[in-house]
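>>> below: sequence and its predicted model.
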Amino acid sequence: MPIDTNLATLLAIAFVGALASFLILPRIGRAAGPVAALLPLGLFVAFVSIVPSMRNADAIVTHLQTVEWVPSLGVNFALRLDGFSL
């Protein structure tokens, strides 16, 4: 059963994790490599958990999340995930 994954949350985790690794990893020393690999590994597992919900042979299945960014101008922030971008 796939986990209900919020694409905006995964995007935020990637950016915050990259910033944190930039600040923390130089202080770790020799163990920095394996520690740095944890962020991409965790994101990979999160995105792979979406795959079972996208397995449909009859149609192209996409995950779309839209947030009204500037409602007065009709501008939305949209994240889309399909089989090609995954």
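Structure's in. What do you need? Numbering: from 1, shown residues only.

>>> ok, for the residue nearest the centre of the chain, nearest residue in space, not its chain neighbours?
Central residue of the chain (Cα atoms, centre = their mean): L10, 3.2 Å from the mean position. Distances taken as Cβ to Cβ, 6 or more residues apart in numbering put A46 closest to L10, at 5.7 Å, once the chain neighbours are dropped. All C-beta atoms are positioned from the backbone trio N, CA, C, and that covers glycine.

>>> I28 too?
Nearest to I28 is V35, by Cβ to Cβ, 6+ apart, at 5.9 Å.

>>> check contacts around the one you found.
For V35, the contacting residues are S21, L25, I28, by Cβ atoms under 8 Å, 6 or more residues apart in numbering.

>>> how about those in CSV, adding distance to I50, secondary structure and neighbour count?
Output for these, formatted as CSV (distance: Cβ to Cβ, whole Å; DSSP: H, G, I helix; E, B strand; the rest coil; neighbours: other Cβ atoms under 10 Å):
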residue, distance to I50, secondary structure, neighbour count
S21, 24, helix, 16
L25, 28, helix, 14
I28, 31, helix, 13
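
>>> sounds good, over and out.
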